[in-house]
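# would you be able to build a 3D model of this:
(chains A and B)
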Amino acid sequence: MAKKAHLTAEQMAGTQREISVSEFFAKNRHLLGFDNPRKSLLTTIKEAVDNSLDACEEAGILPEILVEIDQLEEDRFRVAIEDNGPGIVKAQIPNIFGKLLYGSKFHSRRQSRGQQGIGISAAGLYGQMTCGKGPRIWSKTKRGKMHQFEMQMDLTKNKALITKDEEHKDWHRKHGTRFEIDIEATYQRGLRSVDDYIKQTAVSNPHAMIRYRAPGMSEEHIYERVVKDVPDLAEEIKPHPYGVELGELMKMLRNTNSRWLSSFLQEEFCRVGPKVAKDIIKTAKLGERSYPSRIAREEANNLFRAIQKTKISSPPTTCLSPIGEDRIKEGLMKECDADFYAVSTRPPSVYRGNPFQIEVGIAWGKPGGDQLEVDEKGRIEKKKRKRTTDTEDLLGNADDAVRVLRYANRVPLLFQQAGCGFTKAVMQTSWKNYGLSQSKSSLPIGSAVIFIHMASVWVPFTSEAKEAIAPYPEILKEVKLALQEAGRKLGVHIRRGKKVASEFQKRSYIEKYLPHVGIGLQEILGLSVEDREEVVETLRDTMETSRKI
Amino acid sequence: MAAKKKVVKKKAAKKTATKKVVAKKSSKRSVGPTEKKGKKDLKSVALQSIQEVATDVYRVASKGNLPDMTMPQRNLANVTYDPKQGYFELKGNMKTRTLDVNSVKTFAQTLRLMSLAKDMVGDDDFATKREAYYVSKNWGEAKFNEQRESDTVLDDIEGMFSVKDVTREVLRFVPEEHGGSVVGALTVVDRDPETGEAIRSDCAAMGSGAYTVPSSVDHLGFETTADFVLAIETGGMFQRLNLHRYWRTANCILVEMGGVPTRATRRFVRRIAEGLKLPVYAFVDCDPYGICNIYRTLKVGSGQAAHVNKTFCVPTAHYLGVTPQDILDFGLEDATHPLLPVDIKRAKDALKNDPFFQSYPKWKAALKQMLKMGVRAEQQAFAKWGLNFVIEEYLPAKMKQAKKFLP
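Reported below is the predicted structural model:
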């Protein structure tokens, strides 16, 4: 066997070239959630729906979203997502849908669903790679005409080539966008399916109306809107000094328009005034009038350390848009018919300079079967209750582990539950105190759904696929506090239920044995049947009203 | 003592044969039934009491209030002992059972058992405690699940009426178990339940068998020439003394208690002791059960049924043996068993909580001696010195010192 010759540096240089982002992701598509056909279908829909919801909310429009899936061949599906958003101006369409890492969100410090601007274009890329056809876009702005595009993506140049651009006068919407792509996929129901995702999205977005047509179905499933106002738009904020890493800091120093270090700090960051800037610079042993670009080269690390050592107040929380306790409850109630709901929204907090806010909701108890009800007089009655909606997907059986619904900026997280900080927080909470059984460091048992939402300008995912939240101590702590708060409400309810049940059990003794008191009296005193019944009836009243719940 | 022990051992070694000693004949005494007077009265008092309780419940309930029943607490903490009275008396702590969800079942059962009693008193019928339990099986939901439950309710009813001397027997509930066995110089005068004809049973003419104490004894008459009554714990010892005609030798009446004496047995002995003016001596095992349960109950009654102790115990009884000191005096050290934890607990409980033992320094000393020795001895332990040692040596030796018996 001939030995292969080693290469020289010059020879190597000949084969070394820039790798385009598109190429990189084409080879590493699992990082974006396109690991297998089943997950690819979900990711495609998820990215498109996220974008649609973001766009609607930014424009102050109540979202109305249509999701359609059609099976073309055994393993090929056509996916279409349509919204009533503001539409996209013609010039931006190829960039947004055809170019990876293009977007408005990556650089901003504002809470939104998408972050990096790779999701939807990756979906297009995936479709093109598996089915050969690029994405098709229909878009109409309020004033403009409707454009229909077809495009092909150039993998090496990270660019979209528009292959078709048609202008239409009319569309069935006044404004909106439709995204359509053919992809290789598998459709399945159940946990972590598209159905599951849409249902969970409906829970966290009670202000959105979602129409969903699954493959092979002629009818749409409509997830109704129950809240009639658009969530407040979160404000954009400058980065907080604590949240900036060294590399990022150096980049900012290089690119700034500020001439002096002091003004750089005050202009580029939030919560830095003249005094804080002075403190930082003093700690870093630098001059207030140093040139930022010089610092970037030589003393960035000193500055970075100094920032960490200086006391800086927490970032403003106006950049957060929590769902709100009422809306969480509305969302849970409409998608998850339960006996009891408890919600809790924590005040905003900060991890590494990033503001965030945790919200928790619990839906407990499968309705249906016998239900004990206490009336005004304190009597307990057994009533049969019917289940109003089908909640099989969300509420499990009483002897199953509870279902944890995890959300980041209103987006459901379906994968990597075990590796998620939220799950950890649920496991570390002592649910026995709140009436659920739980073996050591595992999920509690019970017919319950635990909803956890993190609103943040920057959600710390464990990977680019945005599947699990990194367990930062600050986040774990907030989640646990929120769980405890909601848990206490749940505990009160469960204990009351148990109390009513045991009271009912006790009162059934009255029914059972009181007639015998009557018989005894009748036999000894020779009472008439009427007298006996009267005294038993009087006694029953006396006994029941003498007991309090 | 050491010298005496030697003598005892020597004699024990001899072959034994029952000594035929002719006992001195005591004068013949007799007593008639106690129940004649006031039997009618008690019957109507019983009916009236039942009526009153039920009327009260009915009246209170009709007014929209929760009725209750009041009865004495039945436990050792609610008794006092005065040696002059001679039996455990109720201190007067009462418990009130108010009708509520927790008591409604017992409340109903109490009323229904009272109704049963009313019928039986009226019809001159009776039910054993077991039968009363089975009667409840026809009550549907309110039935008793175990006889223990119905016995407790019966005791409560009896307690409720005890202030009026209405006992369970008056209410026509009789215990299941029969009383003890009796032999010796005693003639029991009973009557045929159907014809009312007198029936005389000579307890000296029972051959190798014995007369059995019936469950109710107040209608009996007695005749005797005996000098004393010996109440024996075990059937084995009773048989030995009977077969060797100890009762003839010692001119006494033997009563087998068979463990803690039943109410009928206690009443029977009490009537002989009181009516015929005979001393009563108890011969039981030397262990906390024999002393603190069997003997104590014979003499002063029980803590649980203190409301009937007045007539159901024998305050004149004395403790012949076996005493802890007897173990030493009669060389039984190697025929003993170690006290079990339950024995030790019982003895300590008696010293701490039982008003009877607390009243007698001699008893306290005896119990402490037993605890210190850490052993117990059975009646039959004397067989170590020969089967009839107990007849020929132990009992005669003890009887000579009857004045020294433990109170």
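# tell me which parts of chain A are close to chain B?
Counting by C-beta under 8 Å from any C-beta of the partner chain, the positions of chain A adjacent to chain B are A:506-507, A:509-510, A:512-514, A:516-517, A:519-521, A:523-525, A:527, A:534-535, A:538-539, A:541-543, A:546-547. For glycine as for every other residue, the C-beta is placed from the backbone atoms N, C-alpha and C.
# just the buried residues of these.
Buried members of the residues of chain A next to chain B, counted by 16 or more other C-beta atoms under 10 Å in any protein chain shown: A:507, A:509-510, A:513-514, A:516-517, A:519-521, A:523-525, A:527, A:535, A:539, A:542-543.
# ramachandran coordinates for residue A:516?
The phi and psi values for residue A:516, taken as degrees, to the nearest 10, are phi -70, psi -30.
# any idea which helix or strand carries the spatially closest residue to it that is not a sequence neighbour?
Among residues not flanking residue A:516 along the chain, residue B:108 sits closest, at 3.5 Å (C-beta to C-beta, 6 or more residues apart in numbering or on different chains). For residue B:108, the element it lies in under DSSP states H and E is helix B:104-123.
# elements contacting the very next helix or strand once past that helix?
Moving toward the C-terminus from helix B:104-123, the next helix or strand (DSSP H and E) is strand B:127-128. With contacts taken as 3 or more C-beta pairs under 8 Å, 6 or more residues apart in numbering or on different chains; DSSP states H and E, strand B:127-128 sits against strand B:173-174.
# hmm, who's touching the strand it packs on?
With contacts defined as C-beta atoms under 8 Å, 6 or more residues apart in numbering or on different chains, strand B:173-174 is touched by B:117, B:120, B:126-129, B:132, B:154, B:168, B:215-216.
# 10 Å - rerun?
For strand B:173-174, contacts defined as C-beta atoms under 10 Å, 6 or more residues apart in numbering or on different chains pick out B:113, B:116-117, B:120, B:126-132, B:150-151, B:154-155, B:157-158, B:167-168, B:214-216, B:263-264.
# which residues in the stretch 301-407 of chain B form helices?
Listed in chain order, the helices of the stretch 301-407 of chain B (DSSP state H, counting those that start in this stretch) span B:324-329, B:341-353, B:355-358, B:361-373, B:389, B:395-399.
# now the second one against helix B:361-373, angle please.
Angular relation of helix B:341-353 and helix B:361-373 on a 0 to 180 degree scale: 150 degrees, by axes from the mean of the first three to the mean of the last three C-alpha atoms, to 10 degrees.
# let's see which of the residues of chain A next to chain B end up in helices.
Secondary structure assignment by DSSP state H places A:506-507, A:509-510, A:512-514, A:516-517, A:519-521, A:523-525, A:534-535, A:538-539, A:541-543 of the residues of chain A next to chain B in helices.
# residue of the stretch 1-150 of chain A with the smallest distance to chain B?
Going by C-beta to the nearest C-beta, chain B is nearest to residue A:62 of the stretch 1-150 of chain A, at 54.6 Å.
# quick one: that residue and residue A:232, what's the gap?
For residue A:62, the distance to residue A:232 equals 14 Å [C-beta to C-beta, to the nearest Å].
# gap between stretch A:286-300 and the chain center?
Chain-centre distance of stretch A:286-300: 41 Å, with C-alpha atoms, centre = their mean, to the nearest Å.
# and for stretch A:305-325?
21 Å.
# flag every buried residue along it.
Quick answer for stretch A:305-325 (16+ other C-beta under 10 Å): A:306-307, A:310, A:312, A:315, A:317, A:319-325.
# state the mean pLDDT of it.
For stretch A:305-325, the mean pLDDT works out to 89.
# which pLDDT does the model give the closest residue to chain A within chain B?
Here the residue of chain B nearest chain A is residue B:111; by C-beta to the nearest C-beta that distance is 2.6 Å. Model confidence at residue B:111, expressed as pLDDT, equals 95.
# ok, now how distant is it from residue A:520?
From residue B:111 to residue A:520 the distance is 3 Å (C-beta to C-beta).
# pull up the overlap in contacts between those two.
Each of B:54, B:57, B:142 lies in contact with both residue B:111 and residue A:520 under the rule C-beta under 10 Å, 6+ apart.
# now stretch B:180-196: buried residues?
For stretch B:180-196, burial by neighbour count (16+ other C-beta under 10 Å) applies to B:180-190.
# can you list the domain ranges for chain B.
By the assignment in automatic domain parsing, chain B contains the domains B:2-31+B:178-404, B:39-174.
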